[in-house]
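**Q** got a predicted structure here, sequence first:
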Amino acid sequence: MTEAPVEDLSKKFLLDPYNDWAAGEGVPIHLDFGHDLLALETGRWDRYDAKGCFAHTHGRGDFMSNYVIEVDPGKKTRPVKHLYEAFFYALEGFGSTVVWLANGATRTFEWGPKALFAIPLNCQYQIFNSSGRERARLSVTTDAPLTLNLYHNQDFVFNNPFVFPERVGEGRHFEGEGDHTPVHRGLNVATLNVWETNFVHDLTSFKLYELDARGKGSLNVSFVLADGTMHAHTSEIPTGRYNKAHRHAAGTHVHAVDGEGYSLLWYEGDSDFVELPWRHGVMYTPPFWMFHQHFNTCDRPARYLACSLGSRRYPFISLRRKSAEGFGSTSIQQGGRQIEYEDQDPRLHRKWLEAIRATGVQSKMGDFFDEPAIMALPKEKLTGVISTPKSIGPAI
């Protein structure tokens, strides 16, 4: 009996089709806890006939990832299509997008900074920069890792002729119109407000709805975009307040849209925190089951966009279904994933009070905290290391 030769694991086993594809695209691949997407180095991307880079994060998980597309002034991408879902958030610039539908019709819409849109699955599209002087840069959150690792055939993913007419949506969904559905989730669970569309003109002015379960004065809306299995929601933190800490599955790409402040992240039992600055352009993904909390320190409301796997229509994974059912905003004391204000580490409120003192903002959190007592805590009660990922850092 002849023994088979020892196989090289890198050639036959433990393969990673998504990462192999990303490496083969020839553009920079950045990996960190989070990124300032406006500052990342891009390179020539032949697939798009534009510039781009991958903005990978440690918390992206197995299913989701992000890349950046940059279109030079007066230029356009080549038409592309793919079998993975993609949400586009306009970081800067003005432009338009053409989408080719299966019946031969096209849909064209114009966008500016802080617009959000989705391309219906496997539809061909092309992106134009309408400015002759300024670049256009877009953040693209996708489930490409799920798709490429599942099929491990690039031709199938990028040249598949199959069409999904049910994903296209109504014509008005490409014009920024949509359908609002309040979803009542039961006793003692906040109503979920869902907006179905393909395109949102401006996330800074889009109407949001009360979601006090995440923090008094908090506003929120969930999106169903292009009938997809990916989820997006936008939330707003009022001035003089901050949201409650919570945790969830990996892969949620959080973009700071408006306002200023910071986010803190930690695992249960940690004495140290990771701090990320809050300003437009910053994106990060909390790793699986890592608590994170968003703090507004400026004199206006702060908004953010979160994109993840598992939409309100198609939750896809059990943790997403539980979130949609209300467990995401239920206290950990009751089996949920949220830390109520009365249960949080006092260092968090002390740090925030010191931060808003520097910006001249008045706290509106006195109904939850004995703030004079917290400010009087001795320094030895406030120990702990706070670190910032090198790729983000302070604003320049």
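**A** Looks like it arrived, so ask away.

**Q** thought R337 was touching F327, still the case?
**A** Yes: look at F327 against R337 with CB atoms under 8 Å: they come within range, at 6.2 Å. Yep, even glycine has a C-beta here, placed from its N, CA and C like the rest.

**Q** do you have the helices of the stretch 151-300 of the chain handy? List them.
**A** When assigned using DSSP state H, counting those that start in this stretch, the helices of the stretch 151-300 of the chain occupy the ranges 154-158.

**Q** show me the shaky parts of it.
**A** Scanning the stretch 151-300 of the chain for pLDDT under 70 picks out 186-189.

**Q** any chance you could map the strands in it?
**A** 179-183, 192-197, 199-200, 209-210, 219-225, 230-237, 245-246, 253-258, 261-266, 273-278, 282-284, 291-296 (DSSP state E, counting those that start in this stretch).

**Q** mind listing what the residue most central in space within the chain touches?
**A** Closest residue to the average C-alpha location of the chain: H253 at 2.8 Å, with CA atoms, centre = their mean. Contact partners of H253, counting by CB atoms under 8 Å, 6 or more residues apart in numbering, are 57, 60, 64, 66, 141, 283-285, 306-308.

**Q** okay, those in JSON lines with neighbour count, distance to R172 and secondary structure next?
**A** JSON lines is the format used below for the contacts of H253 (neighbours: other CB atoms under 10 Å; distance: CB to CB, whole Å; DSSP: H, G, I helix; E, B strand; the rest coil):
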{"residue": "T57", "neighbour count": "26", "distance to R172": "35", "secondary structure": "strand"}
{"residue": "R60", "neighbour count": "21", "distance to R172": "33", "secondary structure": "coil"}
{"residue": "M64", "neighbour count": "25", "distance to R172": "29", "secondary structure": "coil"}
{"residue": "N66", "neighbour count": "26", "distance to R172": "29", "secondary structure": "strand"}
{"residue": "T141", "neighbour count": "30", "distance to R172": "24", "secondary structure": "strand"}
{"residue": "M283", "neighbour count": "27", "distance to R172": "29", "secondary structure": "strand"}
{"residue": "Y284", "neighbour count": "27", "distance to R172": "34", "secondary structure": "strand"}
{"residue": "T285", "neighbour count": "29", "distance to R172": "32", "secondary structure": "coil"}
{"residue": "A306", "neighbour count": "19", "distance to R172": "25", "secondary structure": "strand"}
{"residue": "C307", "neighbour count": "30", "distance to R172": "23", "secondary structure": "strand"}
{"residue": "S308", "neighbour count": "28", "distance to R172": "26", "secondary structure": "strand"}
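
**Q** of those, closest to D345?
**A** Proximity of these to D345 (CB to CB) peaks at Y284, which lies at 20.4 Å.

**Q** burial measure for the closest residue to the closest one other than its chain neighbours, as a count.
**A** Leaving aside its chain neighbours, Y284 sits nearest to G34 (2.7 Å; criterion: CB to CB, 6 or more residues apart in numbering). For G34, the tally of surrounding residues (other CB atoms under 10 Å) stands at 26.

**Q** surely G34 meets T285?
**A** Yes: contact criterion CB under 8 Å: G34 and T285 qualify, at 7.2 Å.

**Q** which neighbours do the two share?
**A** T57.

**Q** buried set for stretch 339-352?
**A** 339, 341, 344-345, 347-352 (16 or more other CB atoms under 10 Å).

**Q** ends of that stretch, what's the gap?
**A** End-to-end span of stretch 339-352 (CA to CA, to the nearest Å): 17 Å.

**Q** cool, stretch 167-185 as well?
**A** 26 Å.

**Q** how distant is it from the center of its chain?
**A** 20 Å (CA atoms, centre = their mean, to the nearest Å).

**Q** again, but for stretch 230-249
**A** 11 Å.

**Q** next one: stretch 130-137
**A** In terms of CA atoms, centre = their mean, the centre of stretch 130-137 is set 24 Å apart from its chain centre.

**Q** tell me which residues of that stretch come out buried.
**A** 130-131, 135-137.

**Q** show me which of these is closest to G74.
**A** Taking CB to CB as the measure, G74 sits nearest to S131 out of those, at 7.2 Å.

**Q** just the angle between the lengthiest helix in the chain and strand 273-278, please?
**A** Using DSSP state H, we find that the single longest helix of the chain is helix 346-359. With axes from the mean of the first three to the mean of the last three CA atoms, to 10 degrees applied, the angle from helix 346-359 to strand 273-278 works out at 30 degrees.

**Q** thinking again about what came up before, among the strands of the stretch 151-300 of the chain, which comes closest to L14?
**A** In terms of CB to CB, the element of those nearest to L14 is strand 253-258, at 26.0 Å.

**Q** name every strand pairing with the closest one and say which way it goes.
**A** strand 282-284 (antiparallel), strand 302-309 (antiparallel) (DSSP bridges).

**Q** with just CA atoms, put it into CSV.
**A** C-alpha atoms of strand 253-258 as CSV (Å, rounded to 0.1, in the frame of the first residue of the first chain):
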residue,chain,number,x,y,z
HIS,A,253,-20.6,48.3,10.4
VAL,A,254,-21.3,51.5,12.3
HIS,A,255,-20.7,54.8,10.5
ALA,A,256,-20.7,58.1,12.4
VAL,A,257,-22.9,60.3,10.2
ASP,A,258,-23.3,63.6,12.1
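
**Q** so how far is it from its chain's centroid?
**A** Centre-to-centre, strand 253-258 and its host chain are 6 Å apart (CA atoms, centre = their mean).

**Q** stretch 192-210 now?
**A** With CA atoms, centre = their mean, you get 15 Å for stretch 192-210.

**Q** mind giving me the domain split of the protein?
**A** 21-164, 173-341 (automatic domain parsing).
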